[in-house]
Structure formats: C-alpha cells, structure tokens
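S.K.: One predicted model, sequence on top.
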Amino acid sequence: MTREETGFHLADFLRSARAHLHILARPTSAQRKRRSRPQRVHPGTWDLLDTLEAACRPGFVLGRRLDVLAHNRLAGRLITDFRALPAAQRNQARFVFLDPHARDLYANWSAVAADTAAMLRLDAGRHPDDPALSALVGDLAIRSQEFRRHWSENKVHQRTTGTKGYHHPLVGDLTITYQALTPGDDPDQILFVYRAEPGSPSETSLRLLSSWNEPTTQDPTALRDLGNRRH
C-alpha cells in the first residue's frame, strides 16, 4: 500500500505527534476559554465558500470534535448535505464511521477512517477535558468496531494537503486534491478546499454535480445518465 493510499505522510505524522504530546503536557487557560465558547464561522469565510462554489470547488469548515460548521452546496453534493441533518449529527467522524453511505463513497474508506480517528485524537489532546468530545468518542466506540481499533492505535494526524478518491453514486469516480487552511482568528477551525485537475474527468464530474439544480438536470436520473455518457 502506498503512502497516498494510507493517507498518512510520515513527516506530517511525526510533526502532529510531537505537537500532540506537547499540548497534552501543558494545556492552557486560553484553550479552556476558547472551548467554552460556541464556534462561529466568520462572514468572510462564508463569502469564501460562495466564491469557491462559483469556481466549482467544494469547500467546508470543520471545528472542534470534527463538527461540520459550514459547507458550500457543492461539498454537500459531493459528500453529504450536513445542513439537512440534526445539529448533533453534523460531524465528520459520525459520518465516516456510522453512515453506510460513507463506506461506498470513499474509494479508500479504511484510510479515511484511520485519518479521521487520528484527527479526532489530535483534538482530544488539545482539549483533554471536553465533555462533548468524551461523549462523542464514547458513542463512536460503542457503535463502531473500526473506530475502537483505530482509536486504540493512539495515532494523531493533522491534515495539510493530499489526494482523495470518491465513488460518487451519481457521477462515478472522482479524484480530488485538497488543502487545509485556518480561517479567521479561530485556530480550532479548518477550511478544506477541494479541486480537481483542470480538464480531467473528475472536473467534469464536479461540474455535473454543480449543475444539478439547473433546469436540464433537476432529475437525478438525468444527472446519472450524463455521468454514464461521460465514461
């Protein structure tokens, strides 16, 4: 299995592990204060998500505990529409480990699951006394054998850049690259920006998803037919 397939880059992993241990050793009062406040997405970040949408690029924001704080329409179509879920279920870890759709969606679900558990453990190191995080970990451990296995490996990981594959039910296989950014003044938020190689079949698939609500492609069956003609 290649490094890209596992989703772990050794240098990033070692840096994340060192940061994780350092934070565990010295949690600060500033961290505790930030954790007590509800997370808000800055208006400028919402505008950026709209700009990414216009450029046919999925974008979404993760907060503490991998909560999904915001996403543009295209990200919702590519992954899942978290806005349609109850607030307590708008969480990336819950989606990956508990939603059957996730296993079919990700081309390498096992790597995504390992990454997700490692990202959540990194957050646990930053906020070791967060009761909501403890409740999330406990629920995932009860309901997912795979989560228990990955959590017990004690790995930590902070995503920066990478590549991910999808098996989308409407437009078929896509390969995207992503970049993780910290928006605004909240270090506990991560903005993920997705893109496909210009001129590639994956870019065509993203444009098909983006045009879903246009009059010629309102019917999901019509969209699926368009995707079939692409292959």
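M.R.: Ah, there it is.

S.K.: Mind listing what's buried along stretch 65-82?
M.R.: 65-80, 82 (16 or more other Cβ atoms under 10 Å). Bear in mind the C-beta positions are built from the backbone N, C-alpha and C, glycine included.

S.K.: Tell me the confidence at the residue positioned nearest the centre of the chain?
M.R.: The centroid of the chain falls nearest to residue 92 when counting by Cα atoms, centre = their mean (5.7 Å). For residue 92, the pLDDT comes out at 98.

S.K.: Was I right to think residue 148 contacts residue 139?
M.R.: No. Using Cβ atoms under 8 Å, residue 148 is not in contact with residue 139, being 11.7 Å away.

S.K.: Sketch out the low-pLDDT regions of this structure for me.
M.R.: 1-36, 213-231 (pLDDT under 70).

S.K.: Dump the strand ranked longest in it to PDB, restricted to CA.
M.R.: Counting by DSSP state E, the longest strand found in the chain is strand 172-181. Output of strand 172-181 as PDB, limited to C-alpha atoms (Å, rounded to 0.1, in the frame of the first residue of the first chain):
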ATOM      1  CA  GLY A 172     -18.900   7.900 -10.800                       C
ATOM      2  CA  ASP A 173     -15.300   8.000  -9.700                       C
ATOM      3  CA  LEU A 174     -13.500  11.300  -8.900                       C
ATOM      4  CA  THR A 175     -10.000  12.100  -7.700                       C
ATOM      5  CA  ILE A 176      -9.600  15.400  -5.900                       C
ATOM      6  CA  THR A 177      -6.700  17.200  -4.200                       C
ATOM      7  CA  TYR A 178      -7.300  19.200  -1.000                       C
ATOM      8  CA  GLN A 179      -5.700  21.900   1.000                       C
ATOM      9  CA  ALA A 180      -6.400  22.600   4.700                       C
ATOM     10  CA  LEU A 181      -6.300  26.200   5.900                       C
END
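
S.K.: Beyond that strand, next helix or strand please.
M.R.: strand 190-195 (DSSP states H and E).

S.K.: Give me the sheet partners of that following strand and which way each runs.
M.R.: strand 59-62 (antiparallel), strand 172-181 (antiparallel) (DSSP bridges).

S.K.: Mean neighbour count and distance to residue 40 for those strands - can I get that in CSV?
M.R.: Converted to CSV, the strands paired with strand 190-195 look like this (neighbours: other Cβ atoms under 10 Å; distance: least, Cβ to Cβ, whole Å):
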stretch, mean neighbour count, distance to residue 40
strand 59-62, 24, 11
strand 172-181, 16, 17
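
S.K.: Let's have those strands in TSV, adding distance to residue 124.
M.R.: TSV is the format used below for the strands paired with strand 190-195 (distance: least, Cβ to Cβ, whole Å):
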stretch	distance to residue 124
strand 59-62	15
strand 172-181	18
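
S.K.: Looking at those, which is nearest to residue 144?
M.R.: Smallest distance to residue 144 across the strands paired with strand 190-195 (Cβ to Cβ): 19.0 Å, for strand 59-62.

S.K.: just the angle between the lengthiest helix in the chain and strand 190-195, please?
M.R.: Ranked by residue count and defined by DSSP state H, the top helix of the chain is helix 109-126. Angle of helix 109-126 versus strand 190-195, following axes from the mean of the first three to the mean of the last three Cα atoms, to 10 degrees, is 150 degrees.
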